[in-house]
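In: Here is a sequence with its predicted model. Questions after.
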Amino acid sequence: MTELLTAAQMQAIEKAAIDSGDVTGLELMERAGQGVVEAIFEEWPELVDPAGGPAPQTPRGISEQKKRRAVVLCGPGNNGGDGFVVARLMKERGWEVEVFLYGDPSKLPPDARVNYERWCGGGGNVVHFASFNPWASHADVFMDAVFGTGLSRLVEKDIAKKLGEAAVIERFVAIDIPSGLCADSGKNLIDRDVETGASFASPASHLTVTFQYQKHGHRIGVCATSCGVVRTVDIGLDHKQAMRLLGRPYDPVSRRRADFSAIVSLFDNRTLLRGFSTLESYLDKAWSGKNGNKFTHGHALILSGGPGKTGAARLAARGALRIGAGLVTLGVPPSAQMEVASQITSLMLRRVEGGEGLAELLSDERLNALCLGPGLGMDRARDLVPVALQHTRATVLDADALSGFADAPDELFGMLHETCVLTPHGGEFARLFPDISEKLNAVPTKGPAYSKVDATREAAKRAGCVVLFKGPDTVIANPDGRCSVNSAHYERAAPWLATAGSGDVLAGFITGLLARGFDPMQAAETGAWLHVECARHFGPGLIAEDLPEQLPAVFRELGI
Ligand SMILES: NC(=O)C1=CN([C@@H]2O[C@H](COP(=O)(O)OP(=O)(O)OC[C@H]3O[C@@H](n4cnc5c(N)ncnc54)[C@H](OP(=O)(O)O)[C@@H]3O)[C@@H](O)[C@H]2O)[C@@H](O)CC1
Ligand SMILES: Nc1ncnc2c1ncn2[C@@H]1O[C@H](COP(=O)(O)OP(=O)(O)O)[C@@H](O)[C@H]1O
Ligand SMILES: [K+]
């Protein structure tokens, strides 16, 4: 698993390492700067030659070697300190380096101050940030070391404007995080124009080099789409000690003692594969035919809406079946029976007129996972959801099953149980959790700002079940505090997943995994991860129907 930290957690780890005497702040800063330089040359190997190739011929016909040039923008804290290290190391490599400083050198924190003095002592020049003109500056690489994890308030307009303009410059490298973005929420903390309320362009970079752990902001909010490529460089902090400090034991065997609320994880390939060491037992049974049969692989029931509205439930049902539920039944109102029957083959169909009909169907204990919401209709949702929840089966509530309770969210919360999964998009989330949504969408005035991670955790606690808050930065939270981010960014970007009906398929994936016996958190995480993998496997041009059909190939690639 890959841990995502808050700025405060990162600062605590660094402080503990320094206090223990294992390392000094200066050593950490040196390693950070070194890591940035190495990352730059890995990203752009053509820059390794400091001469930068022959310059154009002079009028006298003499060709002179042109030096590579870097501009480093340093700020008033330790992020600026990293910038001074990078400036020195680039100069040692034969580069011409120009440094601009925002802030008063005499007020730099101690380690940054030492590196400022080393830079000046080596003949380096420092110009005030006010003189930085992004349009007049020429460089092979621009380095943004203005603010890092210590950004605590809104960035002033004049700096913001220059950073925004600099963002369009070629090879712009953010040290730790693009300055002006909040490391915890990924939100833009740039001052607003007083007259229009509009923010200046959000900072962005082509390469972001962060240290040891990515922060939440690298994976959520606007920051996750503003970092270009993110490289995480090791600065030698001890992982076991760090996890112990933050309350999560390193050894998964002792998980009982873990403070799940401490660390957010990035749900990634490593997590999934580790998950699959248990999941394999399910999946193995399914496809090797050793032990199981279709009845031992779970039976999912997907409730459909009326005529002309059945597509969403059919998409979910197909997803549930492909992901491994042994049997999937669509519960349709009699008026839609012909429509659905003419469209399905391996799916089964039962008539479910209203609450009574559903209760009767659910007397069959083998129906172990339910999905309500896609195309269900508000009235039918109000009728069926209470009955479904009374039967305490693993249940996914999506779309209309959430919006149907917009005027009485507490009524819904009162009925939910711990094997439910709610899968709202932003609009549905706002209907069920209006106060939380308001906090999330408020324009921040200071850092760290309230984040999608905070919001999803608060919602899960209130609902008493798993909440999966959709988007390119899907956040999944359990009421016990466990939380992960399924990030469709960087190498996993799949913007074409934002297509009609793809959320219905996700609801089906999760329902299918619940039918297979996954616990709600694991079903939500695994379903969301596979959903993005399917989108990536298909590529642009994807429509929702294509998603379930990618699963066999995705499973094959995973070695399942
Ligand atoms: N600790 C370590 O060992 C290591 C840390 N490392 C590096 O340190 C970085 C964190 O350093 P940091 O904590 O000093 O914070 P940083 O981001 O430089 O900014 C703080 C300064 O900015 C100021 N300020 C804040 N907001 C402002 C605003 N809107 N407008 C104007 N000013 C504003 C703030 O002022 P104050 O709030 O104190 O008044 C303070 O002066 C981290 O990102 C990483 O790069 C690495 O070297 C690895 C080892
Ligand atoms: N830019 C994006 N990149 C990757 N995935 C996205 C993006 N935007 C939305 N998604 C995903 O697409 C799905 C859309 O679901 P939803 O909003 O419920 O749509 P629908 O109701 O049409 O099915 C969600 O799983 C969401 O996480
Ligand atoms: K920065």
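Out: Yep, that arrived. Ligands and ions are numbered 1, 2, ... in the order given.
In: ok, is stretch 420-431 in contact with ligand 2 or not?
Out: Yes - judged by Cβ under 6 Å from any ligand atom, stretch 420-431 comes into contact with ligand 2 at His425. Heads up, the C-betas are built off the backbone N, CA and C, glycines and all.
In: now the protein, which segments are flagged as low pLDDT?
Out: Low-confidence segments of the chain, defined by pLDDT under 70: 53-65, 193-200, 248-260, 274-292.
In: domain assignment for it?
Out: Following automatic domain parsing, the chain resolves into domains at 2-54+65-245, 267-470+487-557.
In: ok and the residue in the stretch 101-250 of the chain nearest ligand 2?
Out: Residue of the stretch 101-250 of the chain nearest ligand 2, by Cβ to the nearest ligand atom: Thr225 (8.6 Å).
In: Would you check how far apart the closest residue to that residue other than its chain neighbours and Leu370 are?
Out: The shortest distance from Thr225 to any non-neighbouring residue, by Cβ to Cβ, 6 or more residues apart in numbering, is to His489 (6.5 Å). For His489, the distance to Leu370 (Cβ to Cβ, to the nearest Å) stands at 32 Å.
In: Near ligand 3, which residues of this protein? Just list them.
Out: 144, 174-175, 179 (Cβ under 5 Å from the ion).
In: Taking the residues you listed, tell me the two that lie furthest apart.
Out: Greatest spacing in these, by Cβ to Cβ: Ile175 and Ser179 (8.7 Å).
In: follow-up on the earlier one: pull the number of nearby residues for the residue of the stretch 101-250 of the chain closest to ligand 2.
Out: The number of residues packed near Thr225 is 16, by other Cβ atoms under 10 Å.
In: Which residues of the stretch 451-560 of the chain lie near ligand 2?
Out: Contacts of the stretch 451-560 of the chain with ligand 2, taken as Cβ under 6 Å from any ligand atom, map to 470-472, 474, 488, 494-495, 497-498, 500-504, 506, 531.
In: How about the stretch 251-400 of the chain: which residue is closest to ligand 2?
Out: Ala399 (6.1 Å).
In: what sits opposite the residue in the stretch 251-400 of the chain positioned nearest to ligand 3 in the beta ladder?
Out: Taking Cβ to the ion, ligand 3 has its nearest neighbour within the stretch 251-400 of the chain at Leu266, 20.8 Å off. Beta-bridge partners of Leu266, counted by DSSP bridges, are Thr2, Val485.
In: Same check on Leu73?
Out: Applying DSSP bridges to Leu73 gives these bridge partners: Phe100, Asp144.
In: correct me, but it touches Val97?
Out: No - look at Leu73 against Val97 with Cβ atoms under 8 Å: they stay out of range, at 11.7 Å.
In: quick one, which of these two is more surrounded?
Out: Neighbours were counted for Leu73 and for Val97 using other Cβ under 10 Å; Leu73 has more, 27 against 24.
In: So that one versus His417, what's the distance?
Out: Distance from Leu73 to His417, by Cβ to Cβ: 53 Å.
In: Likewise for Ile543?
Out: For Ile543 relative to His417 (Cβ to Cβ), the value is 34 Å.
In: for stretch 538-557, which positions count as buried?
Out: Within stretch 538-557, the residues that count as buried by 16 or more other Cβ atoms under 10 Å are 538, 542, 544, 546-548, 550-551, 554-555.
In: nope, stretch 141-155 is what I was after
Out: Judged by neighbour count (16+ other Cβ under 10 Å), stretch 141-155 contains these buried residues: 141-151, 154-155.
In: so which pair among the residues you listed is furthest apart in space?
Out: Val141 and Leu154, at 27.5 Å, using Cβ to Cβ across the buried residues of stretch 141-155.
In: what residues are up against Leu367?
Out: The contact partners of Leu367, by Cβ atoms under 8 Å, 6 or more residues apart in numbering, come to 299-301, 329, 361, 393.
In: repeat that with 6 Å
Out: Counting by Cβ atoms under 6 Å, 6 or more residues apart in numbering, Leu367 makes contact with 299, 301.
In: residue boundaries of the strands in the stretch 101-250 of the chain?
Out: 126-128, 141-145, 172-175, 207-211, 214-215, 229-233 (DSSP state E, counting those that start in this stretch).
In: Met243 and Glu3, how far apart?
Out: Separation of Met243 from Glu3 (Cβ to Cβ) stands at 8 Å.
In: whoops, I mixed them up, Leu237
Out: For Leu237, the distance to Glu3 - Cβ to Cβ - is 12 Å.
In: Please apply the same query to Ala408.
Out: 38 Å.
In: Looking at those two, which one has more neighbours?
Out: Glu3 (18 against 11).
In: buried subset of the residues of the chain next to ligand 3?
Out: Here, 16+ other Cβ under 10 Å leaves 144, 174-175, 179 buried among these.
In: In JSON lines: those residues, plus distance to ligand 1.
Out: JSON lines is the format used below for those (distance: Cβ to the nearest ligand atom, whole Å):
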{"residue": "Asp144", "distance to ligand 1": "11"}
{"residue": "Ala174", "distance to ligand 1": "10"}
{"residue": "Ile175", "distance to ligand 1": "6"}
{"residue": "Ser179", "distance to ligand 1": "8"}
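In: Just give me the closest of the residues you listed to Ile220.
Out: Of all these, Ile220 sits closest to Ala174, with 16.4 Å by Cβ to Cβ.
In: which residue sits closest to that closest one, ignoring its sequence neighbours?
Out: Ala174 sits nearest to Ser205 (Cβ to Cβ, 6+ apart), 3.7 Å away.
In: Make sure the one you found is actually in contact with Gly228.
Out: Yes - at 5.0 Å, Ser205 counts as touching Gly228 under the criterion of Cβ atoms under 6 Å.
In: which of these two has more neighbours?
Out: Taking other Cβ under 10 Å, Ser205 and Gly228 do not tie; Ser205 has more neighbours (27 against 19).
In: which stretches of the stretch 51-200 of the chain form helices?
Out: Secondary structure of the stretch 51-200 of the chain, counting by DSSP state H, counting those that start in this stretch: helices at 78-92, 110-121, 157-166.
In: try the stretch 251-400 of the chain
Out: With DSSP H, counting those that start in this stretch as the criterion, the stretch 251-400 of the chain has helices at 269-288, 311-322, 337-341, 355-361, 378-390, 399-403.
In: ok so, going back, quick one: the residue nearest to Ala174 from Ala167, how far?
Out: Separation of Ser205 from Ala167 (Cβ to Cβ) stands at 7 Å.
In: Doesn't Glu38 belong to a helix?
Out: Yes - looking at Glu38 with DSSP: H, G, I helix; E, B strand; the rest coil, it is inside a helix.
In: Ignoring the adjacent residues along the chain, who's closest to it?
Out: What sits nearest to Glu38 in space, not counting adjacent residues and going by Cβ to Cβ, 6+ apart, is Val233, at 7.1 Å.
In: Nearest residue to Pro495 in space, please, no chain neighbours.
Out: Nearest one to Pro495, counting by Cβ to Cβ, 6+ apart, is Pro472 at 7.3 Å.
In: shouldn't Phe469 be in contact with Val475?
Out: Yes - Phe469 lies in contact with Val475 (Cβ under 6 Å); the separation is 4.8 Å.
In: which residues do these two both contact?
Out: Thr456.
In: Please list all residues in contact with whichever residue of the stretch 51-200 of the chain sits closest to ligand 3.
Out: Nearest residue of the stretch 51-200 of the chain to ligand 3, counting by Cβ to the ion: Ser179, 4.2 Å away. Going by Cβ under 6 Å, 6+ apart, Ser179 touches 144, 146-147, 163, 203.
In: quick revisit: hang on, isn't the residue nearest to Glu38 packed against Gly35?
Out: Yes - counting by Cβ under 6 Å, Gly35 is a contact partner of Val233 at 3.0 Å.
In: Which of the residues in the helix or strand hosting Gly33 are classified as buried?
Out: Using DSSP states H and E, Gly33 sits within helix 25-43. By 16+ other Cβ under 10 Å, the buried positions in helix 25-43 come out as 25-26, 28-37, 39-40, 43.
In: That concludes my questions; thank you for your assistance.
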